[in-house]
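Asker: Okay, here's the prediction I keep looking at, along with the sequence it came from:
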Amino acid sequence: MEKKILHLVIADSELETVPESIIDHPAIVNYAKRRKKKPERIILDSTYHHSALRQLEDGERRGRPDIVHICLLNALDSILNKEDRLRVYVHTRNDYVIYVDPSTRLPRNYNRFIGLMESLFEKGAVPEDLKLLKLEKKSLNELISEINPDAVFIMHENGEFMIPKHFGKLLSKFKKPVVVVGGFPHGDFKSKIDGVKISLYREPLMAWTIVNEVIVSYEWEVIKK
Ligand SMILES: C[S@@+](CC[C@H](N)C(=O)[O-])C[C@H]1O[C@@H](n2cnc3c(N)ncnc32)[C@H](O)[C@@H]1O
């Protein structure tokens, strides 16, 4: 029997290189100089580029690679992943998808993670020989069609309420479910996708907390040894 695998998509993630329209902004130019990189090659980060972000549409939610970093650390270090029952994808606001090999050992250090993302956006795959992380231009809907799941669940604070334990049970009924978690700090999904919206708590939680809850609730159902 084919084993059940959970496909987790961190969607509409606020991970992008600096947009053309702000490459001349002093906050970007100075930061790029300090890091000895070209402005267009650096990853937008609200901690350092706050004043430049104010000039961008959706500026209050953009530049949050830290959300992707923490979600990926949690997912890749999970028991579910070590048991080869998890596939993780990062979809970004500009419709790029990062395919994450389950054996990837992501840098714990945030600055090193940023360096890795910059190489990925420049080269399309890192490390170039092993291709543990691969970048492709793709919409969220294209990614989901490619996975070809038997169910799609969208984690959403306004979805049908279900405690994590019950959600794990529901997920385990499917062979290849996709679970979508928003990789952004505020607001709603920008991509339009079909799926069953599920809320796991009566308040909004951070994306990485939802990632943990989903993974562990599923793990308790499918890993029985
Ligand atoms: C920080 S939240 C998004 C921002 C949130 N809409 C807000 O304005 O505070 C990031 C993601 O975590 C998931 N999430 C957050 N709270 C949730 C909840 N109570 N139940 C299910 N998913 C949740 C959703 O996928 C959401 O897109």
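Answerer: Received the coordinates, thanks.
Asker: can you pull the contacts of the residue of the chain at minimum distance from the ligand?
Answerer: Per Cβ to the nearest ligand atom, residue 182 is where the chain lies closest to the ligand, at 2.2 Å. For the C-beta atoms, the positions are set from N, CA and C on the backbone; glycine is no exception. Counting by Cβ atoms under 8 Å, 6 or more residues apart in numbering, residue 182 touches 10, 11, 12, 155, 156, 188, 189, 207.
Asker: Please apply the same query to residue 168.
Answerer: 214, 216, 217, 218, 219, 220, 221.
Asker: So the first one lies in a helix, does it not?
Answerer: Yes - using DSSP: H, G, I helix; E, B strand; the rest coil, the secondary structure at residue 214 is a helix.
Asker: which residue packs closest to it, ignoring adjacent ones?
Answerer: Excluding its sequence neighbours, the residue lying closest to residue 214 (Cβ to Cβ, 6 or more residues apart in numbering) is residue 179, at 5.3 Å.
Asker: For the one you found, the count of nearby residues, please.
Answerer: Residues lying near residue 179 (other Cβ atoms under 10 Å) number 24.
Asker: Mind telling me what element it is part of?
Answerer: strand 177-182 (DSSP states H and E).
Asker: Would you map out the domains in this structure?
Answerer: 6-15+63-222, 20-61 (the TED database).
Asker: ranking those by burial, who's on top?
Answerer: Compared across the domains of the chain, domain 6-15+63-222 shows the largest average neighbour count, a mean of 18 (mean count of other Cβ atoms under 10 Å).
Asker: pretty sure residue 207 is in contact with residue 183, am I right?
Answerer: Yes - with contact defined as Cβ atoms under 8 Å, residue 207 reaches residue 183; the gap is 5.6 Å.
Asker: need the residues of this structure near the ligand, please.
Answerer: 155-157, 181-182, 184-188, 199-201, 204-207, 210 (Cβ under 6 Å from any ligand atom).
Asker: Tell me the residues that contact both of residue 207 and residue 183, please.
Answerer: What both residue 207 and residue 183 touch, as defined by Cβ under 8 Å, 6+ apart, is the set 10, 67, 71.
Asker: Go through this structure and flag its longest strand.
Answerer: strand 151-161 (DSSP state E).
Asker: right, and the helix or strand after it?
Answerer: helix 164-171.
Asker: ok and that next one relative to strand 151-161, angle-wise?
Answerer: 150 degrees (axes from the mean of the first three to the mean of the last three Cα atoms, to 10 degrees).
Asker: Break down this protein into its helices, ranges please.
Answerer: 26-34, 46-53, 65-76, 79-82, 110-123, 140-147, 164-171, 207-222 (DSSP state H).
Asker: Can you redo those as CSV, where the extra columns are distance to residue 132 and mean pLDDT?
Answerer: Putting these into CSV (distance: least, Cβ to Cβ, whole Å; pLDDT from 0 to 100) gives the following:
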stretch, distance to residue 132, mean pLDDT
helix 26-34, 26, 97
helix 46-53, 26, 96
helix 65-76, 10, 98
helix 79-82, 13, 98
helix 110-123, 10, 97
helix 140-147, 18, 98
helix 164-171, 26, 98
helix 207-222, 19, 98
